[in-house]
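J.: structure, please.
(one chain, ligands or ions: 2)
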Amino acid sequence: MSIPNHTLQVELRGGVEDRSYPIVIGRGLLADLGAFVPALDDVPVVLVTNDTVAPLYLPRVRAALGTERKVTEIILPDGEDQKDLTTASHIWQRALEDRHERRSMFMALGGGVVGDLTGFAAACFLRGARFIQLPTTLLAQVDSSVGGKTGVNHAMGKNLIGAFHQPEAVLIDLDTLESLPDREFAAGMAEVVKYGCICDPQFFDWLIEHTDALRGRDGAVVADAIARSCAIKAEVVAKDEREGGLRAILNYGHTFGHAIEQVMGYGNWLHGEAVACGMMIATRISASRGWVPDALVERLSDFLDAFGLPVAPPSEMSAQTFLDAMALDKKVDEGRIRYVLLDRLGRATLVNDVSCEEIAEAIA
Ligand code: NAD
Ligand code: GLY
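T.: Ligands and ions are numbered 1, 2, ... in the order given. Purely as a prediction, here's the structure:
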């Protein structure tokens with residue numbers, strides 16, 4: 001049996017049932033799936049992946065599931081454009097045709113697109129089927145697979161249709177990172193450093209110290225960075241599962257980032273790239289308010305730059321362009337744009353009073 005590097009728990013004990021679940025981080029986990037997923041036994045499986053990930057990792061998952069079990073394998077074309085109701089409907093069709101029941105386990109093998117879509121399909125299937133996350137991108141491992149936000153895109157915007165539906169386990173097989181392109185790895189690293197900025201100054205310092213090891217994908221250092229990121233996310237989700245307040249801090253850099261993704265056209269900037277740039281804007285505004293030192297802006301910028309992440313917004317975007325795009329974002333609260341700033345390194349705060357002038361100064 002593979003020995004995990006780390007095992008964490010997302011504690012969700014409120015309500016009628018205990019919905020807590022493990023996050024297991026280590027090598028060789030996909031091939032040893034049954035050992036880490038609670039009550040998998042002979043449960044039928046709806047296994048969803050895409051045509052990039054399938055040739056790389058599907059065979060080991062299939063082998064781990066054995067030959068006796070009913071497995072409905074769904075291999076989607078790669079791409080964010082699959083994250084829609086049409087594809088969700090295709091998953092439901094296949095699951096119904098194969099006579100799956102609510103006890104069937106949906107499995108998401110892939111990045112955030114497969115994870116969000118499969119989780120959403122599971123949330124709606126027979127009013128809520130079981131599911132687990134097998135994330136294969138760094139971004140999915142440190143962010144999207146944890147916390148139960150599932151959903152699809154709508155013509156009117158990204159992630160507008162969805163449900164909170166927690167997985168029963170998240171298995172992070174570090175071996176999958178070996179095939180991940182550098183650009184995708186860097187995009188995930190933006191979310192990693194986000195956790196240091198908003199919750200943990202020691203983790204931020206540790207990341208800066210280990211920049212070279214992280215860039216070189218040193219296995220033990222990357223595993224520790226993933227584990228700390230997941231631990232922070234698990235803690236925030238445990239306190240505020242449905243984003244009544246605190247969970248919104250996880251959107252650090254995202255309000256500006258979503259504006260960039262929207263204006264530049266989805267897919268041209270990766271989500272993590274837009275978040276990197278968004279965090280720079282939010283950190284500059286925090287610094288100009290005197291809440292964090294100017295040196296922090298430089299340290300964050302150097303870290304992001306080391307991974308080739310963008311630290312300056314596209315030249316065609318003015319402060320007004322940002323404001324217009326952000327007004328359409330989900331994070332608008334009673335008509336006011338909600339921003340996450342830092343009132344010190346490691347502590348995020350929500351505000352709704354950022355002026356056009358402050359944005360203009362931060363993007364200059
Ligand atoms: P993605 O799922 O599109 O994956 C990026 C690319 O990497 C794809 O081409 C994919 O096929 C490929 N890939 C995946 N694993 C690989 C591997 N091991 N080796 C080689 N290639 C691999 O993108 P993503 O960045 O993982 O996720 C982005 C999505 O996640 C967006 O839809 C975003 O809205 C969503 N998201 C959700 C949450 C949440 O809380 N639910 C949080 C952040 C982002
Ligand atoms: N990715 C933000 C959240 O899960 O709340």
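
J.: quick one: contacts for Gly128?
T.: Counting by Cβ atoms under 8 Å, 6 or more residues apart in numbering, Gly128 touches Arg102, Ala122, His165. Every residue, glycine included, has its C-beta placed from N, CA and C.

J.: try 7 Å this time
T.: With Cβ atoms under 7 Å, 6 or more residues apart in numbering as the criterion, the residues that contact Gly128 are Arg102, His165.

J.: phi, psi of it?
T.: The phi/psi pair for Gly128 (degrees, to the nearest 10) reads phi 130, psi 90.

J.: which helix or strand lies directly C-terminal to the worst-scoring helix or strand of the chain on mean pLDDT?
T.: In the chain, the helix or strand scored least confidently by mean pLDDT, DSSP states H and E is strand 332-333, which has a mean of 70. Using DSSP states H and E, the helix or strand that follows strand 332-333 towards the C-terminus is strand 336-337.

J.: what is the mean pLDDT for that next one?
T.: Per-residue pLDDT over strand 336-337 has a mean of 88.

J.: buried ones in the helix or strand immediately after it in the chain?
T.: Toward the C-terminal end, the helix or strand that comes next after strand 336-337 (DSSP H and E) is strand 339-344. Buried positions in strand 339-344, judged by neighbour count with 16 or more other Cβ atoms under 10 Å: Tyr339, Val340, Leu341, Leu342.

J.: now swap in stretch 137-152 and tell me
T.: 137-152.

J.: again, but for stretch 91-110
T.: When neighbours are counted by 16+ other Cβ under 10 Å, the buried residues of stretch 91-110 are found to be Ile91, Trp92, Arg94, Ala95, His100, Ser104, Met105, Phe106, Met107, Ala108, Leu109, Gly110.

J.: again, but for stretch 312-326
T.: Counting neighbours by 16+ other Cβ under 10 Å, one finds that the buried residues in stretch 312-326 are Pro313, Met317, Ala319, Thr321, Phe322, Ala325, Met326.

J.: now stretch 30-49
T.: Using 16+ other Cβ under 10 Å as the burial criterion, the residues of stretch 30-49 that qualify are 30-33, 36-37, 40, 44-49.

J.: anything in it near ligand 1?
T.: No. Against ligand 1, stretch 30-49 shows no contacts by Cβ under 6 Å from any ligand atom, the least distance being 8.8 Å.

J.: need the phi and psi values for Leu180.
T.: Phi and psi for Leu180, reported as degrees, to the nearest 10, are phi -80, psi 130.

J.: roughly how far apart are the nearest residue to it once chain neighbours are set aside and ligand 2?
T.: Ranked by Cβ to Cβ, 6 or more residues apart in numbering and with sequence neighbours excluded, the top spatial neighbour of Leu180 is Thr137, at 6.0 Å. The gap separating Thr137 from ligand 2 is 14 Å, by Cβ to the nearest ligand atom, to the nearest Å.

J.: near ligand 1, which residues of the stretch 151-300 of the chain?
T.: Counting by Cβ under 6 Å from any ligand atom, the residues of the stretch 151-300 of the chain close to ligand 1 are Lys158, Asn159, Thr176, Ser179, Leu180, Glu184, Ala187, His271.

J.: which PyMOL command selects the buried ones in those?
T.: Here is the PyMOL selection string for the buried members of these, based on 16+ other Cβ under 10 Å:
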select buried, resi 158+159+176+180+184+187+271
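
J.: out of the residues of the stretch 151-300 of the chain next to ligand 1, list just those in strands.
T.: Restricting these to those inside strands, with DSSP state E as the criterion, leaves Lys158, Asn159.

J.: so which of the residues of the stretch 151-300 of the chain next to ligand 1 sits lowest on pLDDT?
T.: Lys158 (85).

J.: residues in contact with it?
T.: Contact analysis of Lys158 by Cβ under 7 Å, 6+ apart lists Tyr266.

J.: let's see it at 8 Å
T.: The neighbours of Lys158, taking Cβ under 8 Å, 6+ apart as the test, are His258, Glu261, Gln262, Tyr266.

J.: in the stretch 51-200 of the chain, which residue sits closest to ligand 2?
T.: With distances taken as Cβ to the nearest ligand atom, the stretch 51-200 of the chain approaches ligand 2 most closely at Gly147, which sits 4.3 Å away.

J.: can you show me the helices along this structure?
T.: Counting by DSSP state H, residue ranges of the helices within the chain are 33-36, 54-65, 85-97, 112-124, 138-139, 182-199, 201-209, 211-215, 219-239, 254-264, 271-288, 294-306, 319-326, 356-363.

J.: Asn5 is nearest to which of these?
T.: Comparing the helices of the chain by their distance to Asn5 (Cβ to Cβ), the top pick is helix 219-239, with 4.5 Å.

J.: next one: that closest one to chain centre, how far?
T.: The chain centroid and the centroid of helix 219-239 are separated by 12 Å under Cα atoms, centre = their mean, to the nearest Å.

J.: for it, packing partners?
T.: Applying 3 or more Cβ pairs under 8 Å, 6 or more residues apart in numbering; DSSP states H and E, one finds that helix 219-239 contacts strand 6-10, strand 21-26, strand 169-173, helix 182-199, helix 201-209, helix 211-215.
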